[in-house]
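Asker: Need the 3D shape of this:
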Amino acid sequence: MKTTRIALILLSIIIIFGCQTTTDSDFDEIEVDSETIETAETFTGESAYVAISDFSILASDDTLAFLSTEIPNDLAGGFAKGGLVKPVERQELEKVMDELKLSMSGLTDDDYALQAGKLLGAKYILSGSLSKIGEQIKISCRLIETETSQIVYTESSRGMYTDLFDVEDELKGKIESYFR
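Answerer: Now for the predicted structure:
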């Protein structure tokens with residue numbers, strides 16, 4: 001009964017968003033081909049749909065926990081204004097990930113994000129982390145293609161914690177440059 005309900009919910013989401021999914025629901029491990037990343041040409045095409053997952057916070061300061069969702073929200077807002085990168089609604093991504101976690105076990109958060117991104121029609125998943133040492137921060141991210149599970153782009157920006165918004169804007173610009 002529970003499995004049927006979850007299946008109906010997922011089917012409804014697929015119909016609502018007009019997405020197509022692959023028939024193979026198993027995930028391969030995410031492979032990083034550094035040569036491909038370094039030599040990859042930038043994206044040239046229409047707007048790219050990107051699902052942005054929560055960022056990991058790699059700092060001992062618990063007061064930074066809110067940034068795990070705040071950074072993705074800020075990036076999504078900036079991307080939406082630019083129009084080149086089309087962010088997938090984060091609340092929908094979280095709903096689908098929660099449903100997948102109920103119905104599947106043994107997957108990592110990245111696996112759930114990739115599957116949810118596929119279900120929502122995203123071509124890419126953007127995931128990342130924030131590191132803080134003293135007053136310096138580094139925001140790193142990786143862009144993962146949902147069809148192949150391969151990392152196609154990595155980037156980071158550094159600065160002072162007091163300049164967090166500038167560091168976010170710099171990272172957003174670097175990511176958008178990949179799609180130009």
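
Asker: need the contact list for Leu84.
Answerer: Applying CB atoms under 8 Å, 6 or more residues apart in numbering to Leu84 gives the contacts Ser47, Ala48, Glu176, Phe179, Arg180. Backbone N, C-alpha and C define where each C-beta goes, glycine included.

Asker: Point out the least confident one among these.
Answerer: Of all the contacts of Leu84, Ser47 carries the smallest pLDDT score, 71.

Asker: Look up how far Lys123 lies from the residue nearest to Glu145 when sequence neighbours are not counted.
Answerer: Counting by CB to CB, 6 or more residues apart in numbering, the nearest residue to Glu145 once its immediate chain neighbours are dropped is Val152, at 5.2 Å. Distance, Val152 to Lys123, using CB to CB, to the nearest Å: 10 Å.

Asker: For these two, list the residues in contact with both.
Answerer: Taking CB under 8 Å, 6+ apart as the contact rule, the neighbours common to Val152 and Lys123 are Glu145.

Asker: still on that earlier bit, kindly supply the ChimeraX command isolating those of the contacts of Leu84 that are buried.
Answerer: To isolate the buried members of the contacts of Leu84 in ChimeraX, using 16 or more other CB atoms under 10 Å:
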select :48,176,179
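
Asker: got TSV for the contacts of Leu84, with secondary structure and distance to Cys141 too?
Answerer: TSV is the format used below for the contacts of Leu84 (DSSP: H, G, I helix; E, B strand; the rest coil; distance: CB to CB, whole Å):
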residue	secondary structure	distance to Cys141
Ser47	coil	19
Ala48	strand	14
Glu176	helix	12
Phe179	coil	14
Arg180	coil	17
